[in-house]
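K.L.:
compute the structure for the input listed below.
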Amino acid sequence: MLLCWLQVRSAGGELVLRIEDVDRGRSRAEATANIVEDLAWLGFDWDEYAVQSERFSHYEEALEALSGRTYGCTCSRKEIRVAAGVGADHRGEIAYPGTCRHDAARPEGPHSVRARTDGSLVAWVDQVVGPCSERPTDFIVRAKNGDHVYQLACVADDIAMGITHVLRGADLLDSTGRQLLLYRWLGAEPPTFAHVPLRVDDDGDRLAKSKGSPALTELREQGAQGEDVLGRIAADLGLLPAPAPVRPDELIDAFVEAHPELCP
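P.N.:
Below is the predicted model of the structure:
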């Protein structure tokens with residue numbers, strides 16, 4: 001969030017805080033409230049606020065616009081793993097083998113909706129990673145339970161909100177090719193992307209409460225000061241020579257000097 005906020009504010013832009021909670025089975029109102037309070041506690045502000053779980057009809061409209069490029073799919077994750085010849089312990093994404101794409105009778109029962117790709121190369125230039133390319137295979141845009149998945153929801157919202165720059169974690173880099181196809185199919189200009197490395201622990205894994213990393217809400221409730229926590233984050237990013245209490249706006253000049261590639 002800090003780098004994203006600094007990128008927008010250094011350019012005099014408008015920041016959208018978007019709660020991406022399209023997975024209704026996992027989303028909780030309490031968690032959303034904590035996120036908002038934590039970000040404000042750290043000193044961040046924003047110009048627009050949106051919650052994806054409240055925008056269902058908007059995603060349905062986008063899905064309708066893609067109707068000529070989608071098909072129903074009844075495949076389970078197990079079926080896809082078996083078709084790909086990988087075990088249940090496989091990590092990472094598995095390219096969809098196209099089972100339902102070639103079997104029109106399968107989508108009669110409960111089904112997800114997949115976007116049909118043609119195997120062409122999608123290329124772009126990331127502000128951090130540099131030149132990137134991939135050949136997306138058919139991907140889900142609506143789950144079997146009716147939830148619109150991240151790929152579709154974020155693209156539909158980017159278009160509706162006029163998003164010009166997206167700065168996010170490197171774990172989402174492999175989503176970009178699919179999203180660029182969706183922008184193209186929906187007739188929209190894609191934003192500029194920047195994917196920054198994740199903060200990891202000593203084992204190289206992302207920080208997680210399940211592995212002992214404290215949540216911001218816990219620190220806040222324990223009496224920690226937001227400016228102190230932000231100062232530690234800024235020092236880790238090389239924006240301060242050492243941890244010290246700081247407000248986000250006090251880091252703009254250091255950000256511009258350290259990351260000219262992220263400044264529009």
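K.L.:
can you name the next helix or strand after the helix-or-strand element of the chain with minimal mean pLDDT?
P.N.:
Every helix and strand of the chain was ranked by mean pLDDT, DSSP states H and E. The lowest is helix 77-84, at a mean of 84. Using DSSP states H and E, the helix or strand that directly follows helix 77-84 along the chain is strand 112-115.
K.L.:
buried stuff in whichever helix or strand residue 63 is part of?
P.N.:
Assigned by DSSP H and E, residue 63 belongs to helix 56-65. By 16 or more other C-beta atoms under 10 Å, the buried positions in helix 56-65 come out as 58-59, 62-63. Backbone N, C-alpha and C define where each C-beta goes, glycine included.
K.L.:
only C-alpha atoms, please: export whatever helix or strand comes next after it in CSV.
P.N.:
Downstream of helix 56-65, the next assigned helix or strand under DSSP H and E is strand 70-73. Extracted in CSV, the C-alpha atoms of strand 70-73 (Å, rounded to 0.1, in the frame of the first residue of the first chain):
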residue,chain,number,x,y,z
THR,A,70,-17.0,-17.8,-22.9
TYR,A,71,-18.4,-21.3,-22.3
GLY,A,72,-19.6,-23.4,-19.4
CYS,A,73,-17.3,-25.7,-17.6
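K.L.:
quickly run through the sheet partners of strand 70-73, with directions.
P.N.:
Taking DSSP bridges as the criterion, strand 70-73 sits next to strand 112-115 (antiparallel) in its sheet.
K.L.:
pull the residues that contact the strand it pairs with.
P.N.:
63, 66, 69-74, 96, 100-101, 138-144, 178, 181-182, 185 (C-beta atoms under 8 Å, 6 or more residues apart in numbering).
K.L.:
buried residues, it. List them.
P.N.:
Neighbour counts over strand 112-115 (16+ other C-beta under 10 Å) mark 112-115 as buried.
K.L.:
can you pull the contacts of the spatially most central residue of the chain?
P.N.:
By C-alpha atoms, centre = their mean, the chain has its centre lying nearest to residue 172, at 5.9 Å. Each residue near residue 172 by C-beta under 8 Å, 6+ apart is listed here: residue 195.
K.L.:
next, give phi and psi for it.
P.N.:
phi -100, psi 10 (degrees, to the nearest 10).
K.L.:
where exactly do the helices run in the chain?
P.N.:
All helices of the chain, identified by DSSP state H, fall at 2-10, 29-41, 56-65, 77-84, 150-161, 176-185, 216-221, 226-236, 252-258.
K.L.:
make CSV out of those helices and add distance to residue 194.
P.N.:
Below are the helices of the chain laid out as CSV (distance: least, C-beta to C-beta, whole Å):
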stretch, distance to residue 194
helix 2-10, 7
helix 29-41, 19
helix 56-65, 24
helix 77-84, 31
helix 150-161, 14
helix 176-185, 11
helix 216-221, 23
helix 226-236, 18
helix 252-258, 13
